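>>> My questions are about this predicted structure, shown below with the sequence.
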Amino acid sequence: MKIPLAREHAPRSDTCNRTRSVIIPAMQRVILTASGTDRPGIIDELSKYILERGGSIEDSRMVSLHGQVAMLLLVAAAAESVPRIRDDIGQLASASRLCTELHDVAEGSTDRNTFAHRLVVTGPEQTGVVHRFSHLMRVLNINIDQFEIRGQPARDAQQREFSMEMILAVPRETPVSMLRDYITHIAQETGLEFQLKAL
């Protein structure tokens with residue numbers, strides 16, 4: 001019986017073993033701020049402006065209060081697109097009737113050196129409460145990343161209730177137990193209730 005000879009395979013081309021190098025354009029980030037009279041279509045106009053100039057919105061904050069609106073947009077774009085976003089900012093302000101500014105993002109982040117906590121304070125509305133808590137955060141070197149306060153009528157028409165929420169960036173060197181003790185002291189003096197939780 002004739003044994004078939006093994007077929008000789010052609011050597012593989014070196015190109016099969018090469019890893020293709022994909023060049024990813026360096027991205028830059030800027031903060032776009034906008035404020036003015038609230039109306040429908042503002043976000044549509046801002047997102048279109050950014051998209052047409054090669055940018056994208058990575059993060060944002062917006063609040064509308066009694067007919068006024070304020071926004072912060074974290075915009076990412078290739079290095080060559082940022083000048084277009086920056087140079088045309090006057091056109092955006094004129095067309096949207098908003099006060100707009102563009103700011104460079106500070107290099108480095110403090111997120112790794114802090115722990116995020118949410119503080120919620122509720123109770124009867126009274127003068128000076130916001131200052132007492134915000135001053136405490138300043139003394140303890142705690143940054144307030146987000147802040148919101150709401151007032152609403154209580155069952156007793158003579159007393160309004162309020163709710164305050166703060167997102168805190170607590171430094172690693174600041175003991176949370178100490179922060180909680182200080183907050184407890186203020187809450188007992190003012191008759192308020194609070195919750196402090198890590199995020």
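Happy to help now that I have it. Numbers count the residues shown, from 1 in each chain.
>>> isn't there a strand covering residue 80?
No: Residue 80 is assigned coil when assessed by DSSP: H, G, I helix; E, B strand; the rest coil, not a strand.
>>> Report the separation between it and residue 118.
The gap separating residue 80 from residue 118 is 40 Å, by Cβ to Cβ, to the nearest Å. All C-beta atoms are positioned from the backbone trio N, CA, C, and that covers glycine.
>>> Between these two, which has more neighbouring residues?
residue 118 (14 against 11; other Cβ atoms under 10 Å).
>>> strands paired with the host helix or strand of the more buried one, and their directions?
According to DSSP states H and E, residue 118 maps onto strand 114-124. According to DSSP bridges, strand 114-124 forms sheet pairs with strand 160-171 (antiparallel), strand 193-198 (antiparallel).
>>> of all those strands, which lies closest to residue 63?
strand 160-171 (12.5 Å; Cβ to Cβ).
>>> list the buried ones in the lengthiest helix in the chain?
In the chain, assigned by DSSP state H, the helix with the most residues is helix 176-190. Within helix 176-190, the residues that qualify as buried are 179, 183, 186, 187, 190, counting by 16 or more other Cβ atoms under 10 Å.
>>> swap in stretch 42-51?
Those would be 42, 45, 46, 49, 50, for stretch 42-51 by 16+ other Cβ under 10 Å.
>>> Need those in TSV (columns: distance to residue 141).
Shown next, in TSV, are the buried residues of stretch 42-51 (distance: Cβ to Cβ, whole Å):
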residue	distance to residue 141
42	35
45	39
46	34
49	37
50	34
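>>> In these, find the pair that's most separated.
Every pair of these checked by Cβ to Cβ; the farthest is 42 and 50, at 12.8 Å.
>>> still on that earlier bit, what comes into contact with the strand holding residue 118?
129, 133, 143, 145, 154, 159-172, 176, 179, 183, 187, 190-199 (Cβ atoms under 8 Å, 6 or more residues apart in numbering).
>>> Buried among these? Make that a PyMOL selection.
To isolate the buried members of these in PyMOL, using 16+ other Cβ under 10 Å:
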select buried, resi 129+133+162+164+166+168+169+170+179+183+187+190+192+194+196
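>>> Looking at the record's assignment, how would you partition the protein?
27-104, 111-198 (automatic domain parsing).
>>> Where among those domains is average confidence lowest?
For the domains of the chain, mean pLDDT drops lowest on domain 111-198, to a mean of 90.
>>> can you give me how far that domain is from the chain middle?
On the basis of Cα atoms, centre = their mean, to the nearest Å, domain 111-198 sits 19 Å off its chain's mean C-alpha point.
>>> ditto for stretch 55-64
With Cα atoms, centre = their mean, you get 8 Å for stretch 55-64.
>>> mind saving the C-alpha coords of that stretch as PDB?
Extracted C-alpha coordinates of stretch 55-64, given in PDB (Å, rounded to 0.1, in the frame of the first residue of the first chain):
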ATOM      1  CA  GLY A  55     -16.600  67.100  20.700                       C
ATOM      2  CA  SER A  56     -18.700  64.900  23.000                       C
ATOM      3  CA  ILE A  57     -20.300  65.400  26.400                       C
ATOM      4  CA  GLU A  58     -18.800  63.100  29.000                       C
ATOM      5  CA  ASP A  59     -20.500  64.500  32.100                       C
ATOM      6  CA  SER A  60     -22.800  67.300  33.000                       C
ATOM      7  CA  ARG A  61     -24.700  69.200  35.700                       C
ATOM      8  CA  MET A  62     -27.800  71.300  35.200                       C
ATOM      9  CA  VAL A  63     -30.200  73.200  37.400                       C
ATOM     10  CA  SER A  64     -33.200  75.300  36.600                       C
END
